[in-house]
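A.B. asks: sharing a sequence plus its predicted fold:
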Amino acid sequence: MSSVNTVAASSPEAALPSRGFSAKWLIGFILPVGLALAWEVVVALKWADGRLLPTPSRVIGTLVGLARTGELGGHVLATLQRVAMGFSLGVAAGTVLGAVSGYWTLARRLVDPMLQALRNIPSIAWVPMFILWFGIFETSKVILIAVGVFFPIYLSLSGAILGVDRKLVEVGRIFRFSHREMITRILLPATLPTYVISLRSGLGLGWMFVVAAEFMGAEEGLGFLLVDGQQTGRPAVILASITAFAILGKLTDWLLASVSARFLTWQDSFRPAE
Amino acid sequence: MLSISNVDKRYPNGLLALAGLDLAVAEGEILAIVGGSGCGKSTLLRLISGLDTPTAGTVGLDGTPVREPRPEIGLVFQEPRLMPWLTIDQNVAFGIRHLPAEEQKARVSETLARVGLASHLGHWPRELSGGQAQRVALARALVGRPKVLLLDEPFSALDALTRGDLQDHLLDLWAYDRPTMILVTHDIEEALVLADRIVVMQPNPGRVRVEVTPPLARPRDRLDPEFLQWKYKLLGELDHASRPPTGDETFPAGAI
């Protein structure tokens, strides 16, 4: 069988088609729930005062309170919008440039050295310039997120195209595929498993960068809630915001993995024993 | 008519893989090319398929030079090289993707039936055995009804039983359209079972050592004394071809 890259998604379970809710899904809850209960017990027994690290019940209470007033919904929506726009922009740019750079040697020689150099600049270093160029409002935030998403997509896709089995490309040549057919019928499907992983890591970076973006003078968003919690001395709000980030990050990653798994059913990849 | 005239192939690393090669293959003929590793037989097939171009000389099909892959020339590789993200019928349809969908479907079904895989429509390549996968590769090459079918050691990775079965099956498939068939193999028995004519190549640089046309009746019996006699003659020839020339050769180069 051909040696197409059949790398499984970084969380293989998540990349498998949904088989319904079953007991094995619950295993993933054991650690976080166990740690939360342990902290709850530690504070209840007064081994710690829980002032700077509030108990999970207080954090959940804060989240519920914020949700009841509608405040949480507004922040979540603002952050989700920023991540969605930045992610879309970063994916589009990373995909186009990654595909072009992987397929055309001349394009790679032209753009790759510069992009590799830019990749090493800490993205937070762009913040002052982005504020000067695009202002303090939405544009600079979305672009900062897009920059974070762009690099893993670009790097993975261009590298994956270069790693496609030459023998499969020769099949395309024998059947006189045009450049477009070669890309759409061989290169993109062959790189899809790697591309999905890069999308997931890009999305993870998008969630990281939205915090940095919302530190840049946002008036709404989970990052703003985080700063607000710090400035008003409310650690429960900070943790509520962090918890919301974790839940949203996990949900969006699960969504992406579930959707992409439908396109990877052809993979003959390793399935560890249960 | 396929003609190879005074062909040289030198690779960028300086290796002269083929030198002054001349060969003509008649329409509908089955030609086997045998030889040890590094004698340039796969290089020759790549030149005929248009995947590579000769450094000097020409490869021509019906009077026109072959400089790139052409629809009249089909190629079956050593490995099946199926696209794992496509079902086997989608893989087979590669060669006729320009045809209307209905015609594609009919031709794919017909060709898969000819290679004995009619019941495998919609299956994934990962669900096939090695022999079945190679049958799909054969169907993919045949579906476009090429005038010339090239086979690069297509059964070498298979077990002896499957190999024998596929060799017989290949002859049945050939009888359907009677394309010109050029088979590269290191298996003398395979060459004797299938080919009208056998070319033995020798290395450093790759060139023709001898051409033989075994006068064996078809279907060829692998245990027939005359078949075995030819097998041992050719094995001796292959053995000599793989050694540096000593002047003490079993057969005069060029004819047996």
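C.D. replies: That came through fine. Numbering: from 1, shown residues only, chains lettered A, B, ... in the order given.

A.B. asks: what about A:R234, neighbour count?
C.D. replies: Other residues within reach of A:R234, judged by other Cβ atoms under 10 Å in any protein chain shown, total 15. Quick note: C-beta positions are derived from backbone N, CA and C, even for glycine.

A.B. asks: what does the pLDDT read for it?
C.D. replies: With respect to pLDDT, A:R234 scores 90.

A.B. asks: so it versus B:L86, what's the distance?
C.D. replies: A:R234 sits at a distance of 56 Å from B:L86 (criterion: Cβ to Cβ, to the nearest Å).

A.B. asks: tell me which residues in stretch A:84-102 are buried?
C.D. replies: A:85-87, A:89-91, A:93-95, A:97-102 (16 or more other Cβ atoms under 10 Å in any protein chain shown).

A.B. asks: again but with stretch A:250-260, I slipped
C.D. replies: Counting neighbours by 16+ other Cβ under 10 Å, one finds that the buried residues in stretch A:250-260 are A:T252, A:D253, A:L256, A:A257, A:S260.

A.B. asks: and if you look at stretch A:266-273?
C.D. replies: In terms of neighbour count (16+ other Cβ under 10 Å), stretch A:266-273 has its buried residues at A:W266, A:Q267.

A.B. asks: do the same with stretch A:122-135
C.D. replies: Along stretch A:122-135, these residues count as buried under the neighbour rule (16+ other Cβ under 10 Å): A:S123, A:W126, A:V127, A:F130, A:I131.

A.B. asks: tell me which of these is nearest to B:S242?
C.D. replies: Using Cβ to Cβ, A:S123 is the member of the buried residues of stretch A:122-135 that sits closest to B:S242, with 60.8 Å.

A.B. asks: got the contact list for that closest one?
C.D. replies: For A:S123, the contacting residues are A:L144, A:V147, A:G148, A:F209, A:A212, taking Cβ atoms under 8 Å, 6 or more residues apart in numbering or on different chains as the criterion.

A.B. asks: show me which of these is closest to chain B.
C.D. replies: Within the contacts of A:S123, the smallest distance to chain B is 29.6 Å, found for A:G148 (Cβ to the nearest Cβ).

A.B. asks: what helix or strand is the closest one on?
C.D. replies: The secondary structure element spanning A:G148 is helix A:138-162 (assigned by DSSP states H and E).

A.B. asks: what residues does the stretch 151-274 of chain A have near chain B?
C.D. replies: Listed as neighbours of chain B in the stretch 151-274 of chain A under the rule Cβ under 8 Å from any Cβ of the partner chain: A:167-168, A:170-171, A:173-176, A:185-186, A:189-190, A:192, A:266-268.

A.B. asks: show me the contacts for the closest residue to B:A24 other than its chain neighbours.
C.D. replies: Of all residues beyond its chain neighbours, the one nearest B:A24 is B:S3 (5.0 Å), with distances taken as Cβ to Cβ, 6 or more residues apart in numbering or on different chains. Contacts for B:S3 (Cβ under 8 Å, 6+ apart) come out as B:L23, B:A24, B:V25, B:T58, B:V59, B:G60, B:L61.

A.B. asks: cool, B:D8 as well?
C.D. replies: B:L16, B:L18, B:A19, B:G20, B:L21, B:P54, B:T55, B:A56, B:G57.

A.B. asks: mind giving me the domain split of chain B?
C.D. replies: In the assignment given by automatic domain parsing, the structural domains of chain B cover B:1-72+B:147-256, B:82-145.

A.B. asks: in terms of mean pLDDT, which of those ranks lowest?
C.D. replies: For these, the bottom mean pLDDT is recorded on domain B:1-72+B:147-256, which sits at a mean of 87.

A.B. asks: now that domain: how far from the chain's centre is it?
C.D. replies: Between the mean C-alpha point of domain B:1-72+B:147-256 and the mean C-alpha point of its chain there is a distance of 7 Å (Cα atoms, centre = their mean, to the nearest Å).

A.B. asks: got it, and stretch A:32-43?
C.D. replies: A distance of 28 Å separates the C-alpha centroid of stretch A:32-43 from that of its chain, computed with Cα atoms, centre = their mean.

A.B. asks: quick one: mean pLDDT over it.
C.D. replies: Averaging the model's pLDDT scores along stretch A:32-43 yields 91.

A.B. asks: got the CA coordinates for it in CSV?
C.D. replies: Below are the C-alpha coordinates for stretch A:32-43, written out as CSV (Å, rounded to 0.1, in the frame of the first residue of the first chain):
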residue,chain,number,x,y,z
PRO,A,32,-10.1,17.1,36.4
VAL,A,33,-13.1,16.1,38.6
GLY,A,34,-10.7,14.2,41.0
LEU,A,35,-8.4,17.2,41.3
ALA,A,36,-11.4,19.6,41.8
LEU,A,37,-12.8,17.4,44.5
ALA,A,38,-9.4,17.1,46.2
TRP,A,39,-9.1,20.9,46.3
GLU,A,40,-12.6,21.2,47.6
VAL,A,41,-11.7,18.8,50.4
VAL,A,42,-8.4,20.5,51.2
VAL,A,43,-10.2,23.9,51.6
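
A.B. asks: can you give the contact residues for it?
C.D. replies: With Cβ under 8 Å, 6+ apart, stretch A:32-43 has contacts from A:A48, A:D49, A:G50, A:L53, A:T55, A:P56, A:S57.

A.B. asks: helix, strand, or coil at the first one?
C.D. replies: In this case it means A:A48. Of the three states, A:A48 takes coil according to DSSP: H, G, I helix; E, B strand; the rest coil.

A.B. asks: ok, it to A:P54 distance?
C.D. replies: Look at A:A48 and A:P54: by Cβ to Cβ, they are 11 Å apart.

A.B. asks: and the two? which has more neighbours close in?
C.D. replies: For A:A48 versus A:P54, neighbours defined as other Cβ under 10 Å are more numerous around A:P54 (21 against 13).

A.B. asks: and that one, what does it touch?
C.D. replies: Counting by Cβ under 8 Å, 6+ apart, A:P54 has contacts A:T62, A:P235, A:A236, A:L239.

A.B. asks: can you tell me the helix or strand for B:A32?
C.D. replies: Secondary structure from DSSP H and E places B:A32 in strand B:30-34.

A.B. asks: where exactly do the strands run in the chain?
C.D. replies: No chain specified, so I'll use chain A. Along chain A, counting by DSSP state E, no stretch forms strands.

A.B. asks: oops, I was thinking of chain B
C.D. replies: In chain B, strands defined by DSSP E lie at B:2-10, B:16-25, B:30-34, B:56-61, B:64-65, B:73-76, B:148-152, B:180-185, B:197-202, B:207-212, listed in chain order.

A.B. asks: give me the number of residues near the residue nearest to A:G148 when sequence neighbours are not counted?
C.D. replies: Using Cβ to Cβ, 6+ apart and skipping residues adjacent in sequence, the residue nearest A:G148 is A:F209, 3.7 Å away. Counted by other Cβ under 10 Å, the residues lying close to A:F209 total 25.

A.B. asks: what of the one 10 residues further on?
C.D. replies: The burial metric for A:E219, expressed as a neighbour count using other Cβ under 10 Å, is 9.

A.B. asks: check the one 3 residues further on too.
C.D. replies: Under the neighbour criterion other Cβ under 10 Å, A:L222 is assigned a count of 26.

A.B. asks: report the separation between it and chain B.
C.D. replies: Distance from A:L222 to chain B, counting by Cβ to the nearest Cβ, to the nearest Å: 38 Å.

A.B. asks: same thing with A:A218?
C.D. replies: As for A:A218, its distance to chain B is 42 Å (criterion: Cβ to the nearest Cβ).
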